[in-house]
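J.: just a sequence and a predicted model for now, questions to come.
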Amino acid sequence: MLTGVQVVLAGGDARQLEVIRRLTELDASVTIAGFDRLDMPFPGVVKAEWSPDILAEADALLLPAVGTEDDGTVSAVFTDREMKLTDAHLSALPKSSKIYCGMAKPFLRKLCEKHHTDLVELFERDDVAIYNSIPTAEGAVMMAIQNTDITIHGSQCMVLGLGRTGLTLARTLQGLGAKIKAGVRREDSFARAFEMGFEPFYMPDLARQSGNIDLLFNTIPTMIVTAQVIAQLPLRACIIDLASKPGGTDFRFAEKRGIKALLAPGLPGIVAPKTAGRIIANSLTQIILEDKGQRGSAP
Ligand code: NAP
């Protein structure tokens, strides 16, 4: 239980509702800011104006999945008011408290460093990234269906990067009956791809492997689907780039060549906000419980 633990949620989207629900179930004291348009009743939860004062007793401050923008803006879909995280907020936080978000931009990292405040980036944790890969793969499948006129079954798919997202996605596509080419850079990844029934290749061979692809999914967060690669793709190909912004695709060249290329960030929050919220809630509460010497469970 989180009895006596004070958590402040600042901004965010529908995912935060699951977090509020879970925290109240565990008896935490919850204050929310940036939710003035939220009608849903959460008994015991305090709605407050976003100000440093509400952080004075906080054990944890949860920011949206993206943390803050690079000017400190905290995105908040349940309010029209602008919210910013400033020095004043961090000065007001007790030194023992932690700030949580999905992924932090340099602004937030620097602000936390300056104030010696612990910053926890939940999406960096292996367990969270693997749980998140499930709605991400489903979102990628949704985008593939929406943007092609063929079935995934029987299609020739390419997945670049067999990390936490790529592996789940490749297996999901395979389960739908696609043929999978998997681009990797390590021998163990090559062996794993072979074991799973994919057709593995090493990244330097990417352009040569691209000739007969219907769907190309990239999960590698660096420029990898270059003009040289795109030049080899058939015109019917569709590129779905899942890597964090700005993605790993030369979008300008894809457009010039008439190949559909889509950057698809934040899929869990779009296709499954409830599940994505549970993943955040579970990870957040698990960390707080671990700090208290207790243990949580899977989402
Ligand atoms: P990950 O587990 O670290 O996987 C990244 C993969 O890329 C690894 O297999 C890595 O290879 C490979 N890689 C990295 N640099 C490479 C290079 N220069 N050449 C060849 N391969 C390279 O990360 P993840 O959790 O799967 O996330 C992947 C990306 O998707 C991230 O940018 C993440 O932010 C993003 N993401 C997007 C969504 C969405 O909704 N669009 C959701 C979740 C994650 P090694 O294994 O050899 O290191």
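T.: It's in.
J.: for residue 166, which non-adjacent residue is spatially closest?
T.: Among residues not flanking residue 166 along the chain, residue 219 sits closest, at 4.2 Å (Cβ to Cβ, 6 or more residues apart in numbering). Just so you know, the C-beta spots here come from the backbone N, C-alpha and C atoms, and that holds for glycine as well.
J.: what distance do you get for the one you found to the ligand?
T.: From residue 219 across to the ligand, the span is 4 Å (Cβ to the nearest ligand atom, to the nearest Å).
J.: tell me the contacts of that residue?
T.: Neighbouring residues of residue 219 by Cβ atoms under 8 Å, 6 or more residues apart in numbering: 159-161, 163, 165-166, 169, 242-243.
J.: let's see that with 6 Å instead.
T.: Shown in contact with residue 219 (Cβ atoms under 6 Å, 6 or more residues apart in numbering): 161, 165-166, 242-243.
J.: interface residues of the stretch 51-200 of the chain facing the ligand?
T.: Contacts of the stretch 51-200 of the chain with the ligand, taken as Cβ under 6 Å from any ligand atom, map to 129, 132, 136, 161-166, 185-186, 189.
J.: can you turn the buried part of those into a PyMOL selection?
T.: This is the PyMOL syntax for the buried subset of those, where burial follows 16 or more other Cβ atoms under 10 Å:
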select buried, resi 129+132+136+161+162+164+165+166+189
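J.: pLDDT and secondary structure added to the residues of the stretch 51-200 of the chain next to the ligand, as JSON lines?
T.: Below are these laid out as JSON lines (pLDDT from 0 to 100; DSSP: H, G, I helix; E, B strand; the rest coil):
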{"residue": "129", "pLDDT": "96", "secondary structure": "helix"}
{"residue": "132", "pLDDT": "96", "secondary structure": "helix"}
{"residue": "136", "pLDDT": "97", "secondary structure": "helix"}
{"residue": "161", "pLDDT": "97", "secondary structure": "coil"}
{"residue": "162", "pLDDT": "98", "secondary structure": "coil"}
{"residue": "163", "pLDDT": "97", "secondary structure": "coil"}
{"residue": "164", "pLDDT": "97", "secondary structure": "helix"}
{"residue": "165", "pLDDT": "97", "secondary structure": "helix"}
{"residue": "166", "pLDDT": "98", "secondary structure": "helix"}
{"residue": "185", "pLDDT": "98", "secondary structure": "coil"}
{"residue": "186", "pLDDT": "97", "secondary structure": "coil"}
{"residue": "189", "pLDDT": "98", "secondary structure": "helix"}
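J.: closest one of the residues of the stretch 51-200 of the chain next to the ligand to the ligand?
T.: Nearest to the ligand, judged by Cβ to the nearest ligand atom, of those is residue 163 at 1.8 Å.
J.: can you tell me how far the closest residue to the closest one other than its chain neighbours sits from residue 201?
T.: Excluding the flanking residues, the one nearest residue 163 by Cβ to Cβ, 6+ apart is residue 219, at 6.2 Å. Using Cβ to Cβ, to the nearest Å, we find residue 219 at a distance of 15 Å from residue 201.
J.: all the strands of the stretch 1-150 of the chain, residue numbers only.
T.: 6-10, 29-33, 46-48, 60-62, 98-101, 118-121 (DSSP state E, counting those that start in this stretch).
J.: quick one: buried residues of the last one?
T.: Spelled out, that is strand 118-121. By neighbour count on 16+ other Cβ under 10 Å, the buried set for strand 118-121 is 119-121.
J.: partners of it in the sheet?
T.: strand 98-101 (parallel) (DSSP bridges).
J.: centre of the chain to the partner strand, how far?
T.: Distance of strand 98-101 from the chain centroid (Cα atoms, centre = their mean, to the nearest Å) equals 15 Å.
J.: contacts for it?
T.: 60-63, 67, 117-120, 284.
J.: ditto for stretch 112-124
T.: Here stretch 112-124 makes contact (Cβ under 6 Å, 6+ apart) with 90, 98-100, 102-104, 128, 283.
J.: can you do 8 Å?
T.: 65, 67, 87, 90-91, 93, 95, 97-104, 108-109, 111, 128-129, 132, 280, 283-284, 287.
J.: what does stretch 69-79 give?
T.: Applying Cβ under 8 Å, 6+ apart, the contact partners of stretch 69-79 are 10-14, 34-38, 50, 63-64, 66, 68, 82-86, 105-107, 111.
J.: at 6 Å what do you get?
T.: Taking Cβ under 6 Å, 6+ apart as the rule, stretch 69-79 contacts 10-11, 13, 34-38, 64, 68, 83-85, 105, 107.
J.: where's the dip in pLDDT among these?
T.: Taking the contacts of stretch 69-79 together, the minimum pLDDT is found at residue 38 (87).
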